[in-house]
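>>> One predicted model, sequence on top.
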Amino acid sequence: MSTAVATSLYGPDRDELSGLLEGEPRYRLDQVWTGLYEQLAAPGEITNVPKALRERLADALPTALREVTRQVNDGGDTVKYLWELHDASRIETVLMLYPDRVTVCVSSQAGCAMGCGFCATGQAGFTRHLTVGEIVEQVVVAGRQAREMGRRLANVVFMGMGEPMANEPTVWAAIERLHGALGLSARHLTISTVGLVPGIRKLATRPLPVNLAVSLHAANDELRNDLVPINKRYPLDALMEACTEYLDAKGRRLSFEWALIAGVNDRDSDARELTALCRRFRLPAHVNLIPLNPTPGYPTVGSSRQRVADFRDLLDSLGVNATVRRNRGTDIAAACGQLAAGQPVATPRRR
Ligand code: SAH
Ligand code: SF4
């Protein structure tokens with residue numbers, strides 16, 4: 001067995017693993033692959049391969065994630081993992097159990113360079129891109145945990161730390177693995193992006209029709225420049241064009257994320273602007289409304305429950321389909337935008 005590939009357990013694809021198993025009988029590859037991806041077994045537990053080989057595999061392909069903490073919330077239905085990677089960077093993964101489905105929210109980068117002020121990951125800044133193995137292993141570990149709880153993990157959302165479209169080739173390789181090896185359906189894989197136009201364009205050329213969620217938060221450039229600084233590079237018109245391209249290529253529903261911030265983007269005029277934008281580009285989008293979750297570095301608060309309901313009703317009456325996303329994990333800072341992996345974030349400004 002060659003040890004030339006410096007990687008982690010879930011890094012190599014089937015061909016690369018085959019290279020690592022050189023000199024072993026052909027069927028070993030199937031045994032190891034099935035063990036890793038169907039049984040979700042750690043190498044030491046793939047008992048139908050000889051112990052010596054298991055040990056060599058464990059040496060050549062160490063796990064990428066070392067558990068630092070595991071926190072549970074919502075009566076056991078939300079589990080947040082804090083992981084340390086080989087270079088001491090830290091990332092988080094959130095597993096969410098619902099009555100009808102199990103979803104894992106994975107990180108695609110350690111930190112994020114996009115600098116959205118209301119997001120704890122953005123406040124902490126960028127460390128590095130994750131590797132395929134680091135992304136896939138988050139899903140495998142969550143799948144194992146779900147199985148222990150008598151459930152099956154079927155949904156993956158790239159809504160953890162980082163901007164997936166800034167790390168598109170790696171995210172795509174991870175998607176292929178989740179689809180091909182773990183057997184997850186493309187309909188159940190969702191990439192959330194802040195709106196990196198080249199990434200969305202590239203994604204439109206990829207073969208699997210994964211869901212795309214675009215974090216919009218504002219429907220005019222002035223406000224969006226303020227909330228999502230990358231909008232200055234890829235303004236709304238360019239973003240909407242790229243969304244149209246994606247929709248045309250995939251025929252899948254697009255969704256817009258809208259974190260409702262009190263007095264900032266929750267006014268009637270914001271709902272009207274959003275409606276106008278969807279009409280102008282003929283985008284049959286679905287809007288996910290998320291009341292802004294508190295983060296240490298952002299002084300403004302989320303909209304009240306009543307305002308969230310009114311904003312949704314107004315969108316509905318204007319013909320825009322909108323739902324309010326149920327909040328998960330707020331007690332353990334596991335909700336949207338709260339993932340900072342324990343890193344310091346900017347000091348809160350005074351209100
Ligand atoms: N970088 C990607 C994916 C990770 S963020 C993106 O921005 O889409 C996942 C979602 O959480 C995004 O829709 C983001 O806008 C939202 N979010 C960030 N901070 C938030 C906060 N404080 N409250 C609610 N949602 C937040
Ligand atoms: Fe990055 Fe998304 Fe947070 Fe913006 S909202 S800083 S893009 S993780």
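Structure's in. What do you need? Ligands and ions are numbered 1, 2, ... in the order given.
>>> phi, psi of the closest residue to ligand 2 within the stretch 151-300 of the chain?
At 3.6 Å from ligand 2, V194 is the closest residue in the stretch 151-300 of the chain, using Cβ to the nearest ligand atom. Backbone N, C-alpha and C define where each C-beta goes, glycine included. In terms of degrees, to the nearest 10, the main-chain angles of V194 are phi -70, psi -10.
>>> And L247, by the same measure?
According to degrees, to the nearest 10, L247 has phi -60, psi -40.
>>> I'd guess E55 is in a strand, am I close?
No: per DSSP: H, G, I helix; E, B strand; the rest coil, E55 lies outside any strand segment and is helix.
>>> List the contacts of the residue of the stretch 151-300 of the chain closest to ligand 2.
For V194, the contact set (Cβ atoms under 8 Å, 6 or more residues apart in numbering) comprises 114, 116, 163, 165, 215, 228, 230.
>>> let's go with 7 Å and repeat that
Contacts for V194 were tallied using Cβ atoms under 7 Å, 6 or more residues apart in numbering; they are 114, 116, 163, 215, 228, 230.
>>> Assess the claim that the fourth one and S255 are in contact.
This means S215. No: S215 is beyond contact range of S255, at 9.9 Å (criterion: Cβ atoms under 7 Å).
>>> more neighbours, the two?
S215 (24 against 21; other Cβ atoms under 10 Å).
>>> interface residues of the stretch 51-200 of the chain facing ligand 1?
By Cβ under 6 Å from any ligand atom, the residues of the stretch 51-200 of the chain that approach ligand 1 are 118-119, 159, 163, 192-194.
>>> Among those, which lie within strands?
If you go by DSSP state E, these have 192-193 in strands.
>>> how close does the residue in the chain that ligand 2 sits nearest to get to Q109?
For the chain, the residue closest to ligand 2 is G122, as judged by Cβ to the nearest ligand atom, at 2.5 Å. Remark: distance between G122 and Q109 (Cβ to Cβ, to the nearest Å) = 11 Å.
>>> out of the contacts of V194, which are buried?
The neighbour-count criterion (16 or more other Cβ atoms under 10 Å) marks 114, 116, 163, 215, 228, 230 among the contacts of V194 as buried.
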